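sequence and computational prediction follow.
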Amino acid sequence: MSGAFEPIVGRYLTLQLLGRPHRLYVEEAGQGTPLLCLHTAGADTRQWRGLMNDPEVTRDYRVIAFDMPWHGKSSPPAGWQTEEYRLTAADYSAMTLAVADALELEKPVVIGCSIGGRIALVFAIERPERFRAIIGLQSGATIDPYYELTWLHHPAVHGGEASAAYVSGLMAPTSPDAERWETLWHYMQGGPGIFKGDLYFYRGADGDIRERLAAIDTRRCPLYLLTGEYDYSVSPQDTQAAAERIPGVKFSVMPKLGHFPMSENPALFLSYLKPVLAEIKAGAA
Amino acid sequence: MALPLETLKARAAGNALLARFGRDLDLALLIGDGDLDWLVEIERGAVVRVTQGPLIMPKTDLRLRAASETWARFLEPVPPPGYHDLFAMRRYRRIQIEGDIRLMSAYLFYIKQLFALLRPSEATA
């Protein structure tokens, strides 16, 4: 064989989600403590390949990611053609916990980025007993609506190119070209209206959880928040504002990274993440 | 440093990203750099004319205006966070974006690339 397989293995998981049958695409690599990875709005598991391909990470952690329904290689549920996709906090939380249960993950570490970073805060509020530790990337408790969503799903505009162009500036200008454009390709491949539907969770009825952050008890479950300095969707100041409401949270800014740390510059991101993973491992020992 | 728009036509000529993302684009783009207005006319994806103001009642599809100090920071080889992208400038209310937002959304990669080409590090040989 002249090619080289990566250690990542992907399979399809059939399960009930929100009362309906679903077929989800799940990837994993490594062994040890389960590390459940949640992708950003309008993207898919490919964002996590830097983690899954890092031998130091996979030596101690079983890294698992799934494409949310409607994303990547996970199909929408039957009947999708007459529905408008709109993510809510309750559905997002229920789906993530259902996948963890279906895979029989015992107290995984969860790491989520962007909308995944928001649901990480929701888990810290509502379900700390389910996780060994929670890591939020680009986590904010609310968001400043600085652009109009209409054009992300409109018959006269290519939704993939528009969504990718809308998020393109969220990455650090110093991130490698190849990784930046790979990240954008994932956005270009998103299903019609899906990025916009994910943002409903960000901007809709669940869009402001600032007042709920005081309920977080980091003694029950450690909470880490890491934010790339070039992100203007969830800026370091936005995460800082959330962190100030949470006693015991560990917050740090990641210089020279933006909104997609794990995929825009995996090597640099791992240099910030590995100490966190080591600390979680030491705490569990 | 002011936006070097007098050089835009030469910088844009033959640019591969503009060619890829500018398919069938016709656009009259007004760019405001402080008090100075420029009109950039694009036909079928090519920058055909760049006119320095003052402009007398120009017909425009899209208007992007920012303070000269904002553009100066945007032009830095590695711009600081919040100045590195048109939408970053929008988030912090440093740029005014008006006009045909549908057209802008359809061609946003092209428009962002036009501005990126103005950085000194992108100067054409």
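Perfect, I can see it now.

need the contact list for the spatially closest residue to B:Val78 that is not a sequence neighbour.
Closest residue in space to B:Val78, ignoring its immediate chain neighbours: A:Pro173 at 5.7 Å, by Cβ to Cβ, 6 or more residues apart in numbering or on different chains. For glycine as for every other residue, the C-beta is placed from the backbone atoms N, C-alpha and C. Neighbouring residues of A:Pro173 by Cβ atoms under 8 Å, 6 or more residues apart in numbering or on different chains: A:Tyr230, B:Val78, B:Pro79, B:His84.

helix, strand, or coil at A:Pro173?
coil (DSSP: H, G, I helix; E, B strand; the rest coil).

ok, of the contacts of A:Pro173, which one's closest to B:Pro54?
When the contacts of A:Pro173 are ranked by distance to B:Pro54 (Cβ to Cβ), B:Pro79 comes first, at 28.5 Å.

what does the closest one show for phi and psi?
phi -70, psi 150 (degrees, to the nearest 10).

A:Glu129 and A:Leu97 touch, don't they?
No. Using Cβ atoms under 8 Å, A:Glu129 is not in contact with A:Leu97; the gap is 11.2 Å.

please say which of these two ends up with more neighbours.
A:Leu97 (17 against 8; other Cβ atoms under 10 Å in any protein chain shown).

quick check: closest non-adjacent residue to A:Pro222.
Nearest to A:Pro222 is A:Ala133, by Cβ to Cβ, 6+ apart, at 4.5 Å.

and that neighbour, backbone torsions?
phi -160, psi 160.

what does B:Ile42 give?
Per degrees, to the nearest 10, the backbone of B:Ile42 is at phi -120, psi 130.

quick one, what contacts it?
B:Ile42 is in contact with B:Gly22, B:Leu25, B:Asp26, B:Leu27, B:Ala28, B:Leu29, B:Val48, counting by Cβ under 8 Å, 6+ apart.

do A:Leu223 as well
A:Ala120, A:Ala124, A:Ala133, A:Ile134, A:Ile135, A:Gly136, A:Ile216, A:Ile246, A:Gly248, A:Val249, A:Lys250.

give me that answer again for 10 Å
A:120-121, A:123-124, A:128, A:131, A:133-136, A:139, A:216-217, A:243, A:246, A:248-251 (Cβ atoms under 10 Å, 6 or more residues apart in numbering or on different chains).

go on, B:Ala46?
B:Ala46 sits next to B:Lys9, B:Ala12, B:Ala13, B:Gly14, B:Leu18, B:Ala19, B:Gly22, B:Leu25 when contact means Cβ under 10 Å, 6+ apart.

count the residues that sit near the third one.
A total of 11 residues lie near B:Ala13 under the criterion other Cβ under 10 Å.

so it touches B:Val50, yeah?
No. B:Ala13 is not in contact with B:Val50 according to Cβ atoms under 10 Å; the separation is 11.8 Å.

and the residue in chain B that chain A sits nearest to, how many neighbours?
The nearest approach of chain B to chain A comes at B:Asp85, 2.6 Å away (Cβ to the nearest Cβ). As a burial measure, B:Asp85 scores 23 neighbours (other Cβ under 10 Å).

once you drop chain neighbours, what's closest to it?
A:Gly169 (2.6 Å).

contacts only, for the one you found.
Going by Cβ under 10 Å, 6+ apart, the list of residues near A:Gly169 reads A:230-233, A:258-259, B:84-91, B:108, B:112.

let's go with 8 Å and repeat that
A:Gly169 makes contacts with A:Tyr232, B:His84, B:Asp85, B:Leu86, B:Phe87, B:Ala88, B:Lys112, as judged by Cβ under 8 Å, 6+ apart.

those in helices, which ones?
Mapping those onto helices (DSSP state H) picks out B:Leu86, B:Phe87, B:Ala88, B:Lys112.

could you count how many residues lie near residue 99?
Unless you meant another one, I'm taking chain A. 22.

actually chain B
16.

show me the contacts for it.
With Cβ under 8 Å, 6+ apart, B:Gly99 has these contacts: B:Thr60, B:Asp61, B:Leu62, B:Arg63.

need the max-distance pair from those.
B:Asp61 and B:Arg63 (8.5 Å).

compare the two (neighbour count), which wins?
Between B:Asp61 and B:Arg63, counted using other Cβ under 10 Å, the more crowded position is B:Arg63 (18 against 15).

for the stretch 151-285 of chain A, which residues are neighbours of chain B?
A:151-152, A:154, A:156-158, A:161-162, A:164-166, A:168-170, A:173-174, A:229-233, A:235 (Cβ under 8 Å from any Cβ of the partner chain).

which ones among the residues you listed lie within strands?
Under the assignment DSSP state E, those contribute nothing to strands.

and those, which are buried?
Among those, those scoring as buried are A:151-152, A:154, A:157, A:161-162, A:164-166, A:168-170, A:173-174, A:229-233, A:235 (criterion: 16 or more other Cβ atoms under 10 Å in any protein chain shown).

in helices, which of those residues fall?
Going by DSSP H, the helices hold A:Glu161, A:Ala162, A:Ala164, A:Ala165, A:Tyr166, A:Ser168 from these.

out of those, who's nearest A:Leu13?
A:Ala164 (27.8 Å).

what's near enough to touch the nearest residue to the closest one once chain neighbours are set aside?
Leaving out its chain neighbours, the residue that sits closest to A:Ala164 by Cβ to Cβ, 6+ apart is A:Tyr187, at 3.8 Å. By Cβ under 8 Å, 6+ apart, the contact list for A:Tyr187 reads A:Gly42, A:Ala43, A:Gly160, A:Ser163, A:Ala164, A:Val167, A:Phe195.

many thanks, we can stop here.
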